[in-house]
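Participant: Test case, fold it:
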Amino acid sequence: MPTNTLTVDYLVIGAGAMGMAFADVLVGESASTMAVVDRNDAPGGHWTVSYPFVRLHGPSNFYGVISRPMPSDEGTRSLASRNEILDYYDRVMRETLLASGRVTYLPRHHVDVAEPGRPARARSLVTGETTEILVRKRVVDASYMNITVPAMRPAGFDVDDAATVVPINQLAELDRSPERFTVIGAGKTGIDACLWLLERGIDPDRLTWIVPRDAWLINRELEWQTGGFQPLLNLLACRSTDEVISVLEEKGIVIQREPDVEPTAFRCATVDTEELVQLRRIKNVVRLGRVRAIGATIVTLDEGTIPTTPETVHIDCTADGLAQKPLKPVFEDGAITLQPLLPCLLPPSAAIAARLECMDGDDEWRNGLCPPVANPGSSRDLLSFYSLRLERMARWARSPELFEWLVTSRFVSGAGLERMAEPDAQAAIFFFASRMEDLLKADAVVSVAG
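Facilitator: All right, here's what the predicted structure looks like:
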C-alpha cells in the first residue's frame, strides 16, 4: 500500500475525552503541530459507541475541553446528552483543532509507535494506506486509561444459546416487550439502565437488578454546589476510615442506595434525590457476586444461582468504565501518558498535563506537580477521593502560573479557591491529606491482620 509521510511536534494517540482535552490546550497555549490518530470514525472516544440515552453523571462544566463551553454549561445542574457531546467534539475538532492549521486528524487508523527517533506508523483501517509520522517532541498516549462500554467487548460470562443477553446499547432497540428484565451491574451504566426502564413505565416488579457490590453514590445536588473541592473540615477530627465515611454520609455528601445495606465499593457514580427514589422502587436486588453464566432457566453467580426464563432480557452493564491501570510517570523522555490527576476527572487531568507541557520546567518538576492517582474502587477510596481533590489544588497553587490558569478555567468552580494559595490554608490542606493517608494505611494494616 502507498506510504505517506508526516512530521509533527506531537503525536496524540486517541481522540476521546482525554486526547481532545490535551490537544485543545496544546493548540491554544503553543505554536506546536500535532497529529491526532484514532481508531474511531469520529472524535469522542467511547461516546461514539455508547448507548443512545446516556448522559454525563456530573455537571457538564467539568467535561469537554478548556476552550469551548458546552451549551449545558449555562446551568450547572445540566447533564450533557450523548448527542450533545458528540456534536461538541465534532465542532472542537473542526472549528478549533483543524481550523488552527497545525493539526492533522487521522480517523479510522491504527498506530504503531517505534522507538524514539524512528517514525511511528499509522495504518488506515479503510484503505490500508500507511502514514509514517516522525515526532519531534513527544508521543502522547491518550488511550492508556482504556475507557470501555459494554458495546466494545463481548459479555464477561458464559451465555447459553437459549438465553437473551444484550448490551445496554440494544435496550432502546427492542422490538417487543419481554416478560422480565434483568440488569447486570451496579455502576453508572446499570443505574442508567434501571432508570431508563422505570421512566418508560416498566413496573419495578418486572425488574431484577444484579448488584455484585453495593456502592456509595455521590449526591449530585451537593456536588454541583461545591465542585468537589470543598470537603468538610470536621473530617480532620475523624480517627478511622469508618468515621470519615459516617461524616460524609451524615452531611449528605455521599448516600446509600439501600439504607440498610453497607456499601463496599465506590466508583464515582452520582444520583440526585429523584433518581434515588426511583432506584429504591426496585425490590428484587440480587447480591450474590458476579455473574458467571446465564442459561435458559438459571443464572449462575459467585455465591449461588437465581431462576430466569428464556423470555427474560438480560442487560449487560458490566464493562469497566473507570479502569484501575498501573500508575506510571505522566511525563517521560519523548512520551506523555495521560492518567487521572484528579480522581474521576479525566478531561481536566489531560488539560492540566497539556498546560504543564507548555510551561518552562523539566519533567521532574512536572511529575512532582502532577503525580497520577488511581481511580477509586472500594469504599475506603472515599477518603482519597475528597482529600486528593483538595491536596491537588493546594499543590498546584505553588505554581502561580498554573494556578491562575486553572482557577479561571471552565473546569474549576467554587468560592474561595484563591485561598488555597495562602500559607495557612495550604498547611491545613496538606495536614488534612496526610491525615487521610495515615487513616488509610492504618485501616489496611488492620484488614491484613484480620
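Participant: and the residue nearest to D381 when sequence neighbours are not counted, what are its bridge partners?
Facilitator: In space, D381 comes closest to F266 once its chain neighbours are excluded; the distance is 5.2 Å by CB to CB, 6 or more residues apart in numbering. In short, each C-beta sits where N, CA and C put it, glycine included. Beta-bridge partners recorded for F266 (DSSP bridges): W216.
Participant: since we're on T408, how many residues are nearby?
Facilitator: 8 (other CB atoms under 10 Å).
Participant: Spit out the contact partners of it.
Facilitator: By CB atoms under 8 Å, 6 or more residues apart in numbering, no residues touch T408.
Participant: Could you do A31 as well?
Facilitator: R102.
Participant: 10 Å instead, please
Facilitator: Listed by CB atoms under 10 Å, 6 or more residues apart in numbering, the contact set of A31 reads D9, S100, R102, C358.
Participant: Any regions of the stretch 51-200 of the chain where pLDDT drops low?
Facilitator: Within the stretch 51-200 of the chain, the segments meeting pLDDT under 70 span 73-77, 152.
Participant: ranges for the helices of it?
Facilitator: Counting by DSSP state H, counting those that start in this stretch, one finds helices in the stretch 51-200 of the chain at the ranges 82-91, 188-199.
Participant: Of those, which stretch is the most buried?
Facilitator: Comparing those by mean neighbour count (mean count of other CB atoms under 10 Å), helix 188-199 comes out on top with a mean of 21.
Participant: Hmm, the residue nearest to D381 is touching I245, no?
Facilitator: Yes: the criterion here is CB atoms under 10 Å, and F266 meets it with I245 at 9.3 Å.
Participant: Spit out the residues that contact these two alike.
Facilitator: W216, V254, S379, R380, L382, L383.
Participant: L327 versus the third one, what's the distance?
Facilitator: Read that as S379. Computed as CB to CB, to the nearest Å, the S379 to L327 distance reads 21 Å.
Participant: Would you agree E258 falls within a strand?
Facilitator: No: under DSSP: H, G, I helix; E, B strand; the rest coil, E258 sits outside any strand and is assigned coil.
Participant: residue contacts, it?
Facilitator: E258 neighbours (CB under 10 Å, 6+ apart): V211, D214, L279, R280, I282, V285, R287.
Participant: Show the end-to-end separation of stretch 181-197, please.
Facilitator: 9 Å (CA to CA, to the nearest Å).
Participant: next one: it to chain centre, how far?
Facilitator: 18 Å (CA atoms, centre = their mean, to the nearest Å).
Participant: One more: stretch 304-314?
Facilitator: With CA atoms, centre = their mean, you get 31 Å for stretch 304-314.
Participant: who has more neighbours, S379 and L327?
Facilitator: For S379 versus L327, neighbours defined as other CB under 10 Å are more numerous around S379 (20 against 13).
Participant: can you list the weak-confidence ranges in the stretch 201-350 of the chain?
Facilitator: 223-234.
Participant: repeat for the stretch 351-450 of the chain
Facilitator: In the predicted model of the stretch 351-450 of the chain, residues 413-416, 444-450 satisfy pLDDT under 70.
Participant: Sort out which residues of the helix ranked longest in the chain are buried, please.
Facilitator: The longest helix of the chain (DSSP state H) is helix 423-449. Buried residues in helix 423-449, counted by 16 or more other CB atoms under 10 Å: A425, Q426, A428, I429, F432, A433, R435, M436, L439, L440, D443.
Participant: related to what we said a few turns ago, and F266 and I245? which has more neighbours close in?
Facilitator: Taking neighbours as other CB under 10 Å, F266 and I245 compare with F266 leading, 26 against 21.
Participant: Kindly provide the distance from that one to I218.
Facilitator: Taken as CB to CB, the span from F266 to I218 is 9 Å.
Participant: list the residues that contact both of these two?
Facilitator: Common neighbours of F266 and I218 (criterion: CB under 10 Å, 6+ apart): V254, C344, L382, F385.
Participant: quick one, strands of the stretch 101-250 of the chain?
Facilitator: Assigned by DSSP state E, counting those that start in this stretch, the strands in the stretch 101-250 of the chain fall at 103-106, 109-112, 120-124, 130-141, 158-159, 164-167, 180-184, 207-210, 215-219.
Participant: what's the closest of the ones you listed to H57?
Facilitator: Closest of these to H57 is strand 215-219, at 8.3 Å (criterion: CB to CB).
Participant: roughly how far is that closest one from the heart of the chain?
Facilitator: Worked out by CA atoms, centre = their mean, strand 215-219 lies 15 Å from the chain centre.
Participant: Also stretch 280-288?
Facilitator: 26 Å.
Participant: begin at 56 from here
Facilitator: Sure, I'll start counting at 56 from here, so that last one is stretch 335-343.
Participant: quick one on the thing from earlier: with distance to E234 as new columns, can the buried residues of helix 478-504 be given to me in CSV?
Facilitator: Shown next, in CSV, are those (distance: CB to CB, whole Å):
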residue, distance to E234
A480, 59
Q481, 60
A483, 58
I484, 55
F487, 52
A488, 52
R490, 53
M491, 48
L494, 48
L495, 46
D498, 45
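Participant: from those residues, which is closest to A175?
Facilitator: Closest to A175, out of all of the buried residues of helix 478-504 and judged by CB to CB, is A488, at 38.8 Å.
Participant: I figured the closest one hits R447, correct?
Facilitator: Yes: under the criterion of CB under 10 Å, A488 makes contact with R447 at 9.1 Å.
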